[in-house]
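Engineer: Need a 3D model of the following:
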Amino acid sequence: MLPFPSIFRLRQKSLLRGVLLSLAAFLGSLRLAGFPDVNNLHSSRWQYLAILIALCGMAETGRCLRHRWSLYHAGVILFLYAELMILATIVAMLVLL
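Structural biologist: Below is the predicted model:
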């Protein structure tokens, strides 16, 4: 029997799951804003769902922080900053368009 990947075990910490949730929220928000067609850019109420998914991704990434400083800890902090930028971009698309 094949082992069950850790990305599907919700009780276990998973850095990959957090990053994938944030990227999926960003790509979904771009699509909801009508991204490929520049003339069709608009905001959508469904983008609030993308904000919630991005926040869940940040929370999942934040769960992976360790108490002691290491290079892994620094990498997780960089991921958190990148996910914060994703969240800011989603909010900007919602408010400004």
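
Engineer: in what helix or strand does the nearest residue to Leu55 once chain neighbours are set aside lie?
Structural biologist: Closest residue to Leu55 apart from its sequence neighbours, by Cβ to Cβ, 6 or more residues apart in numbering: Leu87 at 7.0 Å. C-beta: built from backbone N, CA, C; applies to glycine. Using DSSP states H and E, Leu87 maps to helix 71-96.

Engineer: sorry, back to before: what about the residue nearest to Leu55, how many residues nearby?
Structural biologist: Around Leu87 there are 20 other residues, counting by other Cβ atoms under 10 Å.

Engineer: Let me see the contact set for the residue nearest the centre of the chain.
Structural biologist: Compute the mean C-alpha point of the chain, and by Cα atoms, centre = their mean the closest residue is Ser22, 1.2 Å away. Each residue near Ser22 by Cβ atoms under 8 Å, 6 or more residues apart in numbering is listed here: Ile53, Ala54, Gly57, Met58, Thr61, Ala82, Glu83, Ile86, Leu87.

Engineer: Provide a ChimeraX selection command restricted to the buried entries of these.
Structural biologist: In ChimeraX, a selection of the buried entries from the contacts of Ser22 looks like this (16 or more other Cβ atoms under 10 Å):
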select :53,54,57,58,61,83,86,87
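
Engineer: ok, and the closest non-adjacent residue to the residue nearest to the centre of the chain?
Structural biologist: Leaving out its chain neighbours, the residue that sits closest to Ser22 by Cβ to Cβ, 6+ apart is Gly57, at 3.6 Å.

Engineer: so that neighbour makes contact with Leu80?
Structural biologist: No. Proximity of Gly57 to Leu80 does not meet the contact threshold set by Cβ atoms under 8 Å, at 10.0 Å.

Engineer: And the helices in this structure?
Structural biologist: Listed in chain order, the helices of the chain (DSSP state H) span 15-32, 47-63, 71-96.

Engineer: would TSV of those with distance to Pro3 be doable?
Structural biologist: As requested, those are arranged in TSV below (distance: least, Cβ to Cβ, whole Å):
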stretch	distance to Pro3
helix 15-32	15
helix 47-63	21
helix 71-96	22
